[in-house]
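Trainee: Structure of the sequence below:
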Amino acid sequence: MSFSIQDIAAALEAEVFGAADLLVDGAAEPATAGPGDLAIAMDPKYAEGLSVGQARAAILWEGADWQALGLEAAIVVPRARYAMSGLTKLMDPGPEIALGVHASAVIDPSAQISDGAAIGPLVVVGPRARIGKNARIAAHVTIAEDAQIGDDALLHSGVRLGARVGFGDRFICQPGAVIGADGFSFVTPEKSRVEDARASLGKETEAINASWTRIHSLGAVEIGDDVEIGANSTIDRGTIRSTSIGHRTKLDNLVHIGHNVQVGEDTLLCGQVGIAGSTRIGNRVVMGGQCGVSDNIFVGDDVVAGGATKIMTKVPAGRVVLGYPAMKMDQFLEASRNWRRLPRFMDDVRDLKKAVSKDDSDD
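Mentor: Residues are numbered from 1 along each chain as shown. Prediction:
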């Protein structure tokens, strides 16, 4: 595919200079760009790379002198990273899936396939499932009974969707994700040692000779519009009510959402985040990689949790937290500085003890 500089600028709502009809085939870093590439040089630090590469056109920072840089055409953007979202959307064709249903796909007769859907090889669609308009489903996807998939969805290869799950429009699911597995919920006939430990805050208790009994998942998973789920992420069905993910929320790879969890809108959960059952996450929350959240708590709107934070109790709206256990970020940074001072502090304490002991012996 080829793109004119004018078309790219229009997609980015950006200003174009020079030969607007110049065609490019793709994008590249300035130093490695060829004559058919659009160089991505959105910061002055990339100017030197333009002289090394062979690009005839580039995306530049505001105020750049495109002619002095030896270019035939340029697109100038005010916010580089945001421009990248538009550029990559324009140039990414996505997986190649032929329209219609592949001959090797297994579609239950009661399933509904809407107009414009593309269903790839070895896909399995269960009873009463519904596939929305223009949905694209890559190879080896399985969709269980009564699942509902909205319009313009994209399911990459190897996705597994369980029974009764529901997805809004423009849903994107990366390879290997599993949505709608049973929740991890077990109980003993009598009060378990885990329950005693939680009630007593860790006091030693006697072991109870009882086996774990499954609590089945009667709920489902409900996912809003414009949600994206990363590769090998998992979302469990609810016990009674459905586990839910709000509109426009994005999950990275290897994220786990436990049963009954409620995640709000416009929330961002990075790689290896784990959220235990029955917890509620507010709107516009951001959690860095490897954050862990305990069960049955609430994380308020607009909370930001730094990487590897462990949230054990509720967090009020708007708070920025870090550490284990989670605390206000400025408090954690001060505490961490104090931890690094501990060896020197202990040396001082030992010296003081020796001095006091020597004074006592002198008396």
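
Trainee: What does the pLDDT read for the closest residue to Ala118 other than its chain neighbours?
Mentor: Closest residue to Ala118 apart from its sequence neighbours, by CB to CB, 6 or more residues apart in numbering: Ile97 at 4.2 Å. The C-beta positions use only the backbone N, C-alpha and C, and glycine is treated the same way. At Ile97, the pLDDT value in this model is 95.

Trainee: from memory Ile97 sits against Gly120, does it?
Mentor: Yes - look at Ile97 against Gly120 with CB atoms under 8 Å: they come within range, at 4.9 Å.

Trainee: any residues in contact with both of these two?
Mentor: Shared contacts of Ile97 and Gly120, defined by CB atoms under 8 Å, 6 or more residues apart in numbering, are found at 137-138.

Trainee: ok, longest helix in this structure?
Mentor: Looking across the chain with DSSP state H, the single longest helix is helix 329-362.

Trainee: So which elements touch that one?
Mentor: Of the remaining helices and strands, those touching helix 329-362 by 3 or more CB pairs under 8 Å, 6 or more residues apart in numbering; DSSP states H and E are strand 320-322.

Trainee: which residues sit against the strand it packs on?
Mentor: 303-306, 309, 311, 315, 327-329, 332-333.

Trainee: of the residues you listed, buried ones?
Mentor: The neighbour count (16 or more other CB atoms under 10 Å) marks 303-306, 309, 311, 315, 327, 329, 332 as buried among those.

Trainee: residue contacts, the residue nearest to Ala118?
Mentor: With contact set as CB under 8 Å, 6+ apart, Ile97 has these partners: 118-120, 136-138.

Trainee: Out of these, grab the one that's most surrounded.
Mentor: Most neighbours among those, by other CB atoms under 10 Å: Ile137, with 29 neighbours.

Trainee: what separates that one from Ala117, distance-wise?
Mentor: Distance, Ile137 to Ala117, using CB to CB, to the nearest Å: 7 Å.

Trainee: Likewise for Ile245?
Mentor: Relative to Ala117, and taking CB to CB, Ile245 is found at 23 Å.

Trainee: Show me which of those two is the more surrounded one.
Mentor: More crowded of Ile245 and Ala117, by other CB under 10 Å: Ile245, with 29 against 21.

Trainee: what's near enough to touch that one?
Mentor: Ile245 is in contact with 221-224, 227, 235, 251, 257, 263, counting by CB under 8 Å, 6+ apart.

Trainee: which of the residues you listed sit farthest apart?
Mentor: Spanning the widest gap among the contacts of Ile245 are Glu222 and Leu251, at 14.6 Å by CB to CB.

Trainee: Ala317: helix or strand, and which one exactly?
Mentor: Ala317 belongs to no helix or strand when assigned by DSSP states H and E.

Trainee: if we can go back for a sec, I'd like the list of the buried ones among the contacts of strand 320-322 that fall within strands, please.
Mentor: Counted as lying in strands by DSSP state E, out of the buried ones among the contacts of strand 320-322, are 304-305, 311, 327.

Trainee: ok, the residues you listed vs His102, which is closest?
Mentor: Nearest to His102 among those: Ala305, at 42.5 Å, using CB to CB.

Trainee: okay, that closest one: pLDDT?
Mentor: Turning to Ala305, the model gives it a pLDDT of 98.

Trainee: residue ranges with poor pLDDT in the stretch 251-363 of the chain?
Mentor: In the predicted model, the stretch 251-363 of the chain carries pLDDT under 70 at residues 359-363.

Trainee: Next, format the contacts of Ile245 as JSON lines and append neighbour count, distance to Ala129 and secondary structure.
Mentor: Shown next, in JSON lines, are the contacts of Ile245 (neighbours: other CB atoms under 10 Å; distance: CB to CB, whole Å; DSSP: H, G, I helix; E, B strand; the rest coil):
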{"residue": "Val221", "neighbour count": "27", "distance to Ala129": "14", "secondary structure": "strand"}
{"residue": "Glu222", "neighbour count": "19", "distance to Ala129": "15", "secondary structure": "strand"}
{"residue": "Ile223", "neighbour count": "29", "distance to Ala129": "15", "secondary structure": "strand"}
{"residue": "Gly224", "neighbour count": "21", "distance to Ala129": "19", "secondary structure": "coil"}
{"residue": "Val227", "neighbour count": "25", "distance to Ala129": "18", "secondary structure": "coil"}
{"residue": "Ile235", "neighbour count": "28", "distance to Ala129": "17", "secondary structure": "strand"}
{"residue": "Leu251", "neighbour count": "27", "distance to Ala129": "22", "secondary structure": "strand"}
{"residue": "Ile257", "neighbour count": "28", "distance to Ala129": "22", "secondary structure": "strand"}
{"residue": "Val263", "neighbour count": "25", "distance to Ala129": "24", "secondary structure": "strand"}
